[in-house]
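Peer 1: using only what follows, build the 3D model:
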Amino acid sequence: MGPSTFTVKDKTLQTALRMYEFAWGMAIPLLRTVPRLKEGFAGRILTDPLPEADIWIQAASGGEAFLARTLLSQLRTAGPTRVLITTNTRQGKDIAERFAPEISEANPELSVFSAWFPFDRPSTMSAAAARVNPKLAVLLESELWPGFIHAIKEMKRPVYIVNGRMTEKSLSGYKRFPAMCRALAPDAVLAVSEEDRRRFERIFGSGLASVISNIKFDSLPAAAKDASTGNVDADRPGWAELLLPARSPLIVLGSVRREEEGRILDIIRRVRGSRPDAVIGLFPRHMERVDSWKTMLSEQKIPWRLRSDGSQSIQPGNVVIWDVFGELASAYAVAQAVFVGGSLAPLGGQNFLEPLAHGKTPIIGPSWENFAWVGEEIFSSKLVIRVQNAKEVAEQLIGLTDNPLPGADTAARAGRYIAARQGGTRKACELIEKTLTAL
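Peer 2: Predicted structure coming up:
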């Protein structure tokens, strides 16, 4: 598929890009003072050079970086191919740096590089695109960057949105700029649901979008289970053997967001009141919240320790603030009960599918709009427990800790559910492979 027709001569687009350029010019000096943007600032303003690449994948944060790994794990090219993965966050950067050598080792035809995503100022993005000189570009999920799309399309290279999601709120915002959206339309959108497909076509025009199964389903391998106990088998992570006290259950509060922290504190108090023998693993969604959690727990006189201080066994009743990346999945695997955050405040939810792959029935709050593509069936089948408030979350966590569900049965049912919905990654790879072959 070649690049769609595009011309910057459109006066509306010219005006919009000039205003966008001016806004970024005013904002960048202020952004230098934002703590989470200080790191990598040289890359964000393009002082640090970007490598040349055949494929440029923009993975905004950690979740999208994992999607990039899944995508590249199935990509097959006719010859040596250089892939640049850019990201906006430290978590995304760490994930990309960690899996890049794994991808290259599994497929020597692929050379994978990672870098910070430059600020989306049109002039900066034009310079970035000229340096990278990609044959095609991929945006993952829901973030649209006008400067980036404009720069790639000016080079007459195709831009694809893969695993595309769009909320009604986002659609309302984009509908205020119809001419610019049409001018900056990508060359194809692979959306995760029929509803998302229709939303993309309402802003970009008909015929651009199609539906694939969400790539997240392809990143959920069935976990090995011990059928006699319903728990994870001998593949227990090393940290579990070292840190978890014998006979103390682990209760995981995963991907907790700032906006729901007060409710999470309530859950912790209630759980500790009923199960003082439990260890509670607290996983903030963003690492900059670790210090705040240390303060909040200390003020409540709740004993805590950092995961990075893992030199001796944790005392029962302690909250472990997980300040180490990459261990949430293994924590799900050994937990007796799991809550997945981003769901007790109107935030749309976090990935509650991952615990299922480890035989755990996740508990979530009422907000799950980001995962509406999964469908209500997942609740009616009782693979996921949805409740309305912190009190009900605590009750369910305590109930599952007292009477764990059969892990092997949960894993088997989840495996069937997931397998029936896999295959989106291969369709996305076919689009990329076809494009590379045609160039």
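Peer 1: what segments of the stretch 1-150 of the chain are helices?
Peer 2: 11-31, 35-38, 41-44, 62-74, 90-106, 122-132, 146-154 (DSSP state H, counting those that start in this stretch).
Peer 1: how about those helices in CSV, adding mean neighbour count and distance to residue 112?
Peer 2: (Each C-beta comes from the backbone N, C-alpha and C, glycine too.) Output for the helices of the stretch 1-150 of the chain, formatted as CSV (neighbours: other CB atoms under 10 Å; distance: least, CB to CB, whole Å):
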stretch, mean neighbour count, distance to residue 112
helix 11-31, 13, 28
helix 35-38, 12, 24
helix 41-44, 18, 17
helix 62-74, 23, 7
helix 90-106, 18, 4
helix 122-132, 19, 14
helix 146-154, 23, 19
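Peer 1: who wins for proximity to residue 370 among these?
Peer 2: Of all those, it is helix 62-74 that lies closest to residue 370, at 9.6 Å by CB to CB.
Peer 1: run the chain-centre distance for the closest one.
Peer 2: 9 Å (CA atoms, centre = their mean, to the nearest Å).
Peer 1: what's the end-to-end length of stretch 353-362?
Peer 2: 8 Å (CA to CA, to the nearest Å).
Peer 1: chain center to it: distance?
Peer 2: With CA atoms, centre = their mean, you get 16 Å for stretch 353-362.
Peer 1: low-confidence stretches in the stretch 301-439 of the chain?
Peer 2: Counting by pLDDT under 70, the stretch 301-439 of the chain contains no low-confidence range.
Peer 1: make TSV out of the helices of the stretch 1-150 of the chain and add distance to residue 166 and mean pLDDT.
Peer 2: Listed next are those as TSV, based on distance: least, CB to CB, whole Å; pLDDT from 0 to 100:
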stretch	distance to residue 166	mean pLDDT
helix 11-31	20	91
helix 35-38	25	89
helix 41-44	25	95
helix 62-74	15	94
helix 90-106	21	94
helix 122-132	22	97
helix 146-154	15	96
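Peer 1: name the SS class of the nearest residue to residue 275 once chain neighbours are set aside, please.
Peer 2: Spatially, and ignoring its direct neighbours in sequence, residue 275 is nearest to residue 401 (5.6 Å; CB to CB, 6 or more residues apart in numbering). The local conformation at residue 401, judged by DSSP: H, G, I helix; E, B strand; the rest coil, is helix.
Peer 1: measure residue 401 to residue 347 for me?
Peer 2: To residue 347, residue 401 is 25 Å away according to CB to CB, to the nearest Å.
Peer 1: could you list the buried residues of stretch 405-417?
Peer 2: Neighbour counts using 16 or more other CB atoms under 10 Å place 405-408, 410-411, 413-415, 417 of stretch 405-417 among the buried residues.
Peer 1: okay, domains of this structure per the record?
Peer 2: With automatic domain parsing as the criterion, the domains of the chain are listed as 11-213+423-438, 221-419.
Peer 1: what about the strands in the stretch 201-350 of the chain?
Peer 2: Under the criterion DSSP state E, counting those that start in this stretch, the stretch 201-350 of the chain contains strands at 209-211, 225-226, 231-232, 250-256, 279-284, 304-306, 319-321, 337-340.
Peer 1: most packed of these?
Peer 2: strand 337-340 (a mean of 28; mean count of other CB atoms under 10 Å).
Peer 1: mind listing the strands that one pairs with, and their directions?
Peer 2: Strand 337-340 has these partner strands in its sheet, going by DSSP bridges: strand 250-256 (parallel), strand 362-364 (parallel).
Peer 1: residue 318: how many residues sit nearby?
Peer 2: Other residues within reach of residue 318, judged by other CB atoms under 10 Å, total 19.
Peer 1: contacting residues around it?
Peer 2: 279-280, 303-305 (CB atoms under 8 Å, 6 or more residues apart in numbering).
Peer 1: how about the most centrally placed residue in the chain: what's its closest non-neighbour residue?
Peer 2: Nearest to the mean C-alpha position of the chain, counting by CA atoms, centre = their mean, stands residue 63 at 1.4 Å. Distances taken as CB to CB, 6+ apart place residue 351 nearest to residue 63, at 6.9 Å, with adjacent residues excluded.
Peer 1: contacts only, for the one you found.
Peer 2: Contacts for residue 351 (CB under 8 Å, 6+ apart) come out as 63, 216, 255, 340, 371.
Peer 1: which phi and psi values does the residue lying closest to residue 349 once chain neighbours are set aside adopt?
Peer 2: The spatially closest residue to residue 349, leaving aside those adjacent along the chain, is residue 368, at 3.9 Å (CB to CB, 6+ apart). With angles defined as degrees, to the nearest 10, residue 368 shows backbone torsions of phi -150, psi 30.
Peer 1: how much space between the residue nearest to the centre of the chain and residue 36?
Peer 2: Here the criterion is CB to CB. By it, residue 63 lies 16 Å from residue 36.
Peer 1: next: residue 344.
Peer 2: Counting by CB to CB - residue 344 and residue 36 are separated by 23 Å.
Peer 1: TSV for the contacts of residue 351, including distance to residue 73?
Peer 2: Listed next are the contacts of residue 351 as TSV, based on distance: CB to CB, whole Å:
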residue	distance to residue 73
63	16
216	13
255	23
340	24
371	22
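Peer 1: out of these, the closest to residue 138 would be?
Peer 2: Using CB to CB, residue 63 is the member of the contacts of residue 351 that sits closest to residue 138, with 15.0 Å.
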